[in-house]
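**Q** Here is my input; please provide its structure:
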Amino acid sequence: MRLVAVGDMAPDFTVQDNREMNVSLSSFRGKKVLLSWHPLAWTPVCTDQMRSLETNWDNFQRLNTIPLGFSVDAPPCKKAWAVALAIDKVSLPSDFWPHGKVAQDYGIFDDKEGISQRANIIIGEDGRVLWVKVYPSEQLPDINEVLQFLSNSK
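**A** This is a model prediction of the structure:
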């Protein structure tokens, strides 16, 4: 399993999100997409990571970017979590079944734990990977670093 690299065509996917809607990467062509991966819902660092996406929704819109909060949690879990966190704007896709398939395609699935690594992957308007960063599971990704990269990649 190889980690996707800058310049790769991003693997397409269609999965269900917290709103029971199908989310496909290919449907966002013409926009940048932030795949913000977190290991598991209902944990403190993951909670802060998803809240940072929601808090920065307007910034993402200004930067022509769709933020997606990905994990291997099942759609009903993602739905309940989004309600608990008051996440109204950001889609939280589920990589539940086939279990971790999207994370595997991107090279960030942890076979031992059965979850994704914590990572931010930015896809360009043309579907190519622009930026990849994998974080230690206990580290909150710096949302300002992501916004800075997006600002500089117009």
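
**Q** use CA for all of it now, contacts and neighbours both
**A** Noted.

**Q** Pop out the phi and psi values for Arg62.
**A** With angles defined as degrees, to the nearest 10, Arg62 sits at phi -60, psi -30.

**Q** From Leu85, how far off is it?
**A** Noted for Arg62: a distance of 23 Å to Leu85, by CA to CA, to the nearest Å.

**Q** the more surrounded of those two?
**A** Comparing Arg62 with Leu85 by other CA atoms under 10 Å, the one with more neighbours is Leu85, at 14 against 9.

**Q** Hmm, that one is touching Arg51, no?
**A** Yes - taking contacts as CA atoms under 8 Å, Leu85 lies within contact range of Arg51: 7.3 Å.

**Q** What segments of the protein are strands?
**A** Counting by DSSP state E, residue ranges of the strands within the chain are 14-16, 22-24, 32-37, 65-70, 109-110, 115-116, 118-123, 129-135.

**Q** can I get those in a markdown table with mean neighbour count and mean pLDDT?
**A** Converted to a markdown table, the strands of the chain look like this (neighbours: other CA atoms under 10 Å; pLDDT from 0 to 100):
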| stretch | mean neighbour count | mean pLDDT |
| --- | --- | --- |
| strand 14-16 | 18 | 98 |
| strand 22-24 | 15 | 97 |
| strand 32-37 | 24 | 98 |
| strand 65-70 | 24 | 98 |
| strand 109-110 | 18 | 97 |
| strand 115-116 | 24 | 97 |
| strand 118-123 | 24 | 98 |
| strand 129-135 | 17 | 98 |
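
**Q** what's the closest of these to Leu92?
**A** Closest to Leu92 of the strands of the chain is strand 65-70 (CA to CA; 4.5 Å).

**Q** Report all helices and strands that that closest one contacts.
**A** strand 32-37, helix 44-55, helix 57-62 (3 or more CA pairs under 8 Å, 6 or more residues apart in numbering; DSSP states H and E).

**Q** Taking their axis directions, that strand and strand 118-123 sit at what angle?
**A** Calculated by axes from the mean of the first three to the mean of the last three CA atoms, to 10 degrees, strand 65-70 forms an angle of 150 degrees with strand 118-123.
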